[in-house]
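> predicted model, plus sequence, below.
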Amino acid sequence: IDPDETGGSAPLKAALFSFCTFATGAFIPLVPWMLVFFLDKTKSEYQMTGDTPLYLTLVLSAVSLFGAGAILARFTGVNAYWSGFRQLLVASLAAAACLSVGSLFGVAVTGK
């Protein structure tokens, strides 16, 4: 890409947009665990115990992935439901592959 042809700032804008989307995507699954930490730290009446943070992480991640795929459909012209489902499917397969490789190496995926 010739920066002079794109106005000079397109690569920088693309890099910043990419950084922001990756950072947001990485932050979303951490929200329930941050809530566990802050609720415990503040001695709040409400506590998330057991597997609640895990299930909340899975739901937030699934909704976010589907939403990202559906938003992407606006730019590609593909059906929003199909695009959201495809995004969720590909990410789920990638997560399954990571868990499989981890189990091959004997890495614990739970604290139990």
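Okay, I see it.
> so who does residue 46 touch?
For residue 46, the contact set (Cβ atoms under 8 Å, 6 or more residues apart in numbering) comprises residue 39. (C-beta placed from N, C-alpha, C; glycine too.)
> what about it, which SS state?
Here residue 46 is recorded as coil under DSSP: H, G, I helix; E, B strand; the rest coil.
> just the pLDDT for it.
pLDDT, residue 46: 80.
> repeat that for residue 40.
83.
> quick check: it touching residue 47?
Yes. Between residue 40 and residue 47 there is a contact under Cβ atoms under 8 Å: 6.8 Å.
> ok, residue 79 to residue 70 distance?
Distance, residue 79 to residue 70, using Cβ to Cβ, to the nearest Å: 9 Å.
> equivalent analysis for residue 100, please.
Residue 100 sits at a distance of 28 Å from residue 70 (criterion: Cβ to Cβ).
> and residue 24, by the same measure?
16 Å.
> just want to know which of these two has more residues nearby.
residue 70 (19 against 11; other Cβ atoms under 10 Å).
> my guess is that one contacts residue 84. True?
Yes. Judged on Cβ under 8 Å, residue 70 makes contact with residue 84 at a distance of 3.9 Å.
> which intervals of this structure have sub-threshold pLDDT?
Residue ranges of the chain with pLDDT under 70: 1-9, 108-112.
> in it, which spans are helices?
Per DSSP state H, the chain carries helices over the ranges 10-27, 31-41, 52-76, 80-104.
> tally of neighbours for residue 66?
By other Cβ under 10 Å, 20 other residues sit near residue 66.
> got it, and residue 67?
For residue 67, the neighbour count with other Cβ under 10 Å is 14.
> please apply the same query to residue 61.
By other Cβ under 10 Å, the residues close to residue 61 number 19.
> excluding chain neighbours, what is closest to it?
Among residues not flanking residue 61 along the chain, residue 29 sits closest, at 5.1 Å (Cβ to Cβ, 6 or more residues apart in numbering).
> hang on, the one you found packs against residue 59?
No. Taking contacts as Cβ under 8 Å, residue 29 lies outside contact range of residue 59: 10.3 Å.
> look at those two and report which has more neighbours.
The residue with more neighbours, out of residue 29 and residue 59, is residue 29; 14 against 11, by other Cβ under 10 Å.
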